[in-house]
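S.K.: Show me how the following folds:
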Amino acid sequence: MTDALTYGFIAIGCLIALAAFGVPIAFSIGIVGGVGLYLTGGSVFLFATIQSLPYSISSEYSFAVIPMFVLMGAIAGYSGIISELYGAVNRWTEGVRGGLLMATTLASAGFAAVSGSTIVNAAMFTRIALPEMIKRGYHRGVSAGAIAAAGTFAALIPPSLTFVVFGIMTEQSIGKLFMAGILPGVLTAGCYLLAIPVIGRIRPKWFPRETARSTLREKIVGLRGIWPMLVLVFIVLGGIYSGITPPTAAGAIGAVGALGISLARRKLTGGDLWLSMRQTAELTSVLFVLIIAGVFFSRFLVLSGFVTDLTNLVTNSGLSAGGFIVVMVLMYLVLGMFIDPLSMLVMTVPFIFPVVQAYGLNPIWFGVILCKMIEIGVVTPPVGLNLFAVVSASEGKVKIGELYLGVMPFILIEMVVLTVLILFPEISTYLPDLMN
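M.R.: As a prediction, this is how the structure comes out:
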């Protein structure tokens, strides 16, 4: 093993150790990256990087897409667009065992199309759907697990913040990444809809059979609640797919569209708008600190020679591309138990992506696979971020132990979908290829 590999693995070990001792992951990455830059490039190079890097990253035009999509999702949530969407789809799933879980799945997929945050998605539907599920006698842990798992759709269905960060870090087309996530996202939601009735049949006590039934007229009238979401999806994804608007402009247009629809319907107060902007600023600030720290770490890995040596080591080891994917999946599953998704992305992409390129794997397809593994990570005990978001938003209605057990069926579903996406790359690449 070369010195570069030794120092690189020591650095990764130190990073994980700092995180394990409770140091915020962004600071852990930044500290290790800074020390590494000092040891490999000297103090002059380190201070020059500290002076120039934060500004160069935060002034990058491509990153403007992040606050715009976050703001669009926040306004949609506070203005009641998502509550109305949930009510509309719930009328169509009444009478089916597990109907409330199916409604949550559909509504979460819809909300994912206007919000790129899995945490916001999971927390919102915990407040909207969980009380009704508990009231109707649904199993608390499984209900909360379904909400946490369905919340991960926001990491795959565009506009996804994960795709944005991955695209910028790897210089891939964000528009193509967005399109690549559509069919896998629909496939995941479809598998949930198929599996929930099966789970209900195996464990009928978990999901009592629904007695409430809406008339056909009520169902059709209720569909009026989905038009705002459809308009936003058309504005954002339609503009990107057609090539009329780049992702950054589409995000801005979507945010203005969400604001305009909410004000026209008189569903958004001044206080709600302030909360939306505050939430956007907070999440964007956290992401930028994380991204800047990640670039520090990335520059250290490149400067030290770790990336080059690791790529040569893996490609010359005789490990096939399929074997590499299996090893990578196992690595992300383990990391996902302890590290939040975007931190995991920023920490690993700098040394994983060059290996992916060396194997000649499709970078857009790899982005989808990585995103799916991050989906699984945010609901994997003991430190799945969505799990804690649901427990917090439930306000004591669900205990973390119940949620750990309740989310397991959905983790199995996710693993099945991941396997399908690995075996059939065309599911991910079909729509992006049409954009060429």
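S.K.: okay, CA-based contacts and neighbour counts for the rest of this
M.R.: OK.
S.K.: which helices and strands does the lowest-mean-pLDDT helix or strand in the chain pack with?
M.R.: Every helix and strand in the chain was compared by mean pLDDT, DSSP states H and E; the lowest is helix 216-222, with a mean of 72. Here helix 216-222 touches helix 81-93, going by 3 or more Cα pairs under 8 Å, 6 or more residues apart in numbering; DSSP states H and E.
S.K.: May I have the helix it packs on as CSV, with CA atoms only?
M.R.: The C-alpha atoms that make up helix 81-93 are tabulated as CSV, following Å, rounded to 0.1, in the frame of the first residue of the first chain:
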residue,chain,number,x,y,z
ILE,A,81,-51.2,22.4,-1.1
ILE,A,82,-49.8,19.1,0.3
SER,A,83,-52.7,18.7,2.8
GLU,A,84,-55.2,19.0,0.0
LEU,A,85,-53.2,16.6,-2.1
TYR,A,86,-53.3,14.0,0.7
GLY,A,87,-57.0,14.5,1.2
ALA,A,88,-57.6,14.0,-2.6
VAL,A,89,-55.7,10.8,-3.0
ASN,A,90,-57.0,9.4,0.3
ARG,A,91,-60.5,9.4,-1.1
TRP,A,92,-59.4,7.0,-3.8
THR,A,93,-57.7,4.6,-1.5
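S.K.: follow-up on the earlier one: please compute how far the least confident helix or strand of the chain lies from its chain's middle.
M.R.: How far helix 216-222 lies from its chain's middle: 33 Å, per Cα atoms, centre = their mean, to the nearest Å.
S.K.: for stretch 47-55, same thing?
M.R.: 29 Å.
S.K.: what's in contact with it?
M.R.: Residues outside stretch 47-55 that contact it (Cα atoms under 8 Å, 6 or more residues apart in numbering): residue 292.
S.K.: Just the buried residues of that stretch, please?
M.R.: Residues 53, 54 are the ones in stretch 47-55 that count as buried (16 or more other Cα atoms under 10 Å).
S.K.: Stretch 51-69 too?
M.R.: For stretch 51-69, by 16+ other Cα under 10 Å, it's 53, 54, 58, 62, 63, 64, 65, 66, 67, 68, 69.
S.K.: Phi, psi for the residue nearest in space to the middle of the chain please.
M.R.: Nearest to the geometric centre of the chain sits residue 155, at 2.2 Å (Cα atoms, centre = their mean). Dihedral pair for residue 155: phi -80, psi -20, per degrees, to the nearest 10.
S.K.: list the contacts for it?
M.R.: Counting by Cα under 8 Å, 6+ apart, residue 155 has contacts 112, 116, 117, 118, 161, 162, 163, 371, 372, 374, 375.
S.K.: Rebuild the residues you listed as TSV, extending it with pLDDT and distance to residue 273.
M.R.: As requested, the contacts of residue 155 are arranged in TSV below (pLDDT from 0 to 100; distance: Cα to Cα, whole Å):
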residue	pLDDT	distance to residue 273
112	80	20
116	67	18
117	70	18
118	75	21
161	80	21
162	84	25
163	87	26
371	87	30
372	89	32
374	80	30
375	80	29
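S.K.: Check what pLDDT the nearest residue to residue 402 once chain neighbours are set aside gets.
M.R.: Closest residue to residue 402 apart from its sequence neighbours, by Cα to Cα, 6 or more residues apart in numbering: residue 141 at 4.5 Å. Looking at residue 141, its pLDDT is 87.
S.K.: just checking, residue 141 touches residue 409?
M.R.: No - the pair residue 141 / residue 409 is not scored as a contact, 11.0 Å apart, by Cα atoms under 8 Å.
S.K.: neighbour-wise, which of those two wins?
M.R.: Applying other Cα atoms under 10 Å to residue 141 and residue 409 shows that residue 141 carries more neighbours, namely 23 against 17.
S.K.: which SSE is the more buried one in?
M.R.: Following DSSP states H and E, one finds residue 141 within helix 140-151.
S.K.: before we move on, what about residue 5?
M.R.: Counting by DSSP H and E, the element that carries residue 5 is helix 3-20.
S.K.: Ok, residue 429 next?
M.R.: Secondary structure from DSSP H and E places residue 429 in helix 426-434.
S.K.: Going by contacts, tell me the helices and strands next to that helix.
M.R.: helix 174-202, helix 363-377.
S.K.: hmm, 10 Å instead?
M.R.: helix 174-202, helix 239-242, helix 363-377, helix 408-423 (3 or more Cα pairs under 10 Å, 6 or more residues apart in numbering; DSSP states H and E).
S.K.: tell me the most buried of those helices?
M.R.: helix 363-377 (a mean of 24; mean count of other Cα atoms under 10 Å).
S.K.: Show the subsequent helix or strand relative to that one.
M.R.: helix 385-394.
S.K.: What are the buried residues along the helix or strand following that next one?
M.R.: Sequence-wise, the next helix or strand downstream of helix 385-394 (DSSP H and E) is helix 400-406. Using 16+ other Cα under 10 Å as the test for burial, helix 400-406 gives 400, 402, 403, 404, 406.
S.K.: Name the nearest of those relative to residue 207.
M.R.: residue 406 (12.5 Å; Cα to Cα).
S.K.: and that closest one, what pLDDT?
M.R.: Residue 406 is given a pLDDT of 87.
S.K.: From residue 291, how far off is the nearest residue to it once chain neighbours are set aside?
M.R.: Of all residues not flanking residue 406 in the chain, residue 142 sits nearest, at 3.8 Å (Cα to Cα, 6+ apart). Relative to residue 291, residue 142 is positioned 34 Å away (Cα to Cα, to the nearest Å).
S.K.: for residue 266, same thing?
M.R.: 37 Å.
S.K.: With residue 106 instead?
M.R.: Taken as Cα to Cα, the span from residue 106 to residue 291 is 32 Å.
S.K.: Helices of the stretch 251-400 of the chain, residue ranges please.
M.R.: 270-304, 306-315, 321-336, 341-358, 363-377, 385-394, 400-406 (DSSP state H, counting those that start in this stretch).
S.K.: What's the mean pLDDT across the third one?
M.R.: Think helix 321-336. Taken as a whole, helix 321-336 has a mean pLDDT of 82.
S.K.: helices or strands up against it?
M.R.: helix 306-315, helix 341-358, helix 363-377, helix 408-423.
S.K.: Just the residues contacting it, thanks.
M.R.: 16, 314-315, 319-320, 339, 341, 343-345, 348, 352, 355-356, 358-361, 366, 369-370, 372-385, 418, 422-423 (Cα atoms under 10 Å, 6 or more residues apart in numbering).
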